[in-house]
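Undergrad: Okay, here's the prediction I keep looking at, along with the sequence it came from:
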Amino acid sequence: MGERQEELLKIIVETYIQTFKPVGSKSLVDHFKVSSATIRNDMALLEELNFLEKEHLSSGRIPSEAGYRYYVDNLMKPKDITGEDVLKLQTILNNNNLVVSDAIQKCMEIISDITHYTSVVIGPSVESSTLQQISIIALDDDEDETSEGDRRVVAVLVTNQGVVENKQINISRNINLKELIKTSELINKALVGTPLAKVTERLELEIKPKIKEVINRYEEVCNFFSSAFRDFTIDNSDIVFGGKTNILDYKEYDEPEKIKDMIAKLENTELVKNIQTSDSDINVYIGEETEFDPDVTIIKTHYKVGKDEGTLAIIGPKRMEYDKVWTLLNFLKSYIEK
């Protein structure tokens, strides 16, 4: 394939990305300063190479999956980020009140807004996290067990990956706060290093018999911690979307069945988790390569900032603005890992 054919493929890909309409030879004559017949011949060659395809006999050409792949690997150039977009991202990244994970999630939401694609941040799986510490903090100063209403406490969980989760829980005043704290100390002594998914089971088998000997309302206390750990496991979602339904706004999803299918895939936790990557490069997966949906592109990378690590991904149609998404992800990754 010569330079003119490469330039032709580049223009067809970028035009189709913007218009979602087949590209005909007549629209390209002025750019190349050659005859329409010459361009048609070049198109025919690109079609033979499987880089272009026809939707209908009388239509122009559209990029094939192989055409997009050749474009990404050989013709795409990073796109400049606007000053406005840089400012939006830096405002979040320079906010010292945000922990790293929250800043990353907010930045991915901004990238989703900028590109109008769907962003996904996939953190370490809850199943792979282990208990580092649990502590109890009282929100109410009133220690009177005869007072009306529940007592408010916060259970604070720290995992081995440095993730800190807290959950406010209302408890009966019949449950002694000191007994909760005593039980949390027993849990920290016996269960540190236990996978979160296994903590509730070990709590029942190992901690409950111990506190039964020293705590009056041991059943209620055990139930409190069992409930707290279950909630942590459920709520500590390792998948965070931005613009989850953005992809449905594209013309590729103008049929009810396609919309229904894509929604089901985005709701399928196991399928979404398969997007995870340990590769620190920014990689582009097109169509069948995604192993998610044959009509999408996924651009993704692995990030690591201290103990915080995970996958950053953007999901869009195959006619994605590859250069723009790659540049934004590269900016974010470079900034947080510097």
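TA: In hand now; what should we look at?
Undergrad: ok, V214 - how many residues close by?
TA: 11 (other C-beta atoms under 10 Å). Every C-beta, even on glycine, is put in place using the N, C-alpha and C of the backbone.
Undergrad: excluding its backbone neighbours, what's nearest it?
TA: K182 (7.5 Å; C-beta to C-beta, 6 or more residues apart in numbering).
Undergrad: residues contacting the one you found?
TA: Going by C-beta atoms under 8 Å, 6 or more residues apart in numbering, K182 touches 211, 214-215.
Undergrad: So which of the residues you listed is the closest to Q276?
TA: I211 (38.4 Å; C-beta to C-beta).
Undergrad: so what's that closest one closest to, chain neighbours aside?
TA: Per C-beta to C-beta, 6+ apart, closest to I211 is Y218, 4.7 Å.
Undergrad: pretty sure the one you found contacts I207?
TA: No. Contact criterion C-beta atoms under 8 Å: Y218 and I207 do not qualify, at 9.4 Å.
Undergrad: and these two? which has more neighbours close in?
TA: For Y218 versus I207, neighbours defined as other C-beta under 10 Å are more numerous around I207 (22 against 18).
Undergrad: Name the SS class of the more buried one, please.
TA: Recorded secondary structure, I207: helix (DSSP: H, G, I helix; E, B strand; the rest coil).
Undergrad: That one: what's it in contact with?
TA: By C-beta under 8 Å, 6+ apart, the neighbours of I207 are 183, 186-187, 190-191, 222, 225.
Undergrad: Buried subset of those residues, written for ChimeraX?
TA: Restricted to buried positions by 16 or more other C-beta atoms under 10 Å, the ChimeraX selection for the contacts of I207 reads:
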select :183,186,187,191,222,225
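Undergrad: which one among the contacts of I207 gets closest to T327?
TA: L191 (45.4 Å).
Undergrad: just checking, that closest one touches Q133?
TA: No. L191 lies out of contact with Q133 (C-beta under 8 Å); the separation is 10.0 Å.
Undergrad: Could you look up the SS state of the residue nearest to V214?
TA: Classified using three-state DSSP, K182 is helix.
Undergrad: for I187, same thing?
TA: helix.
Undergrad: Need the contacts of K182 in JSON lines (columns: distance to K106, pLDDT and secondary structure).
TA: As requested, the contacts of K182 are exported to JSON lines (distance: C-beta to C-beta, whole Å; pLDDT from 0 to 100; DSSP: H, G, I helix; E, B strand; the rest coil):
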{"residue": "I211", "distance to K106": "41", "pLDDT": "85", "secondary structure": "helix"}
{"residue": "V214", "distance to K106": "45", "pLDDT": "80", "secondary structure": "coil"}
{"residue": "I215", "distance to K106": "42", "pLDDT": "83", "secondary structure": "coil"}
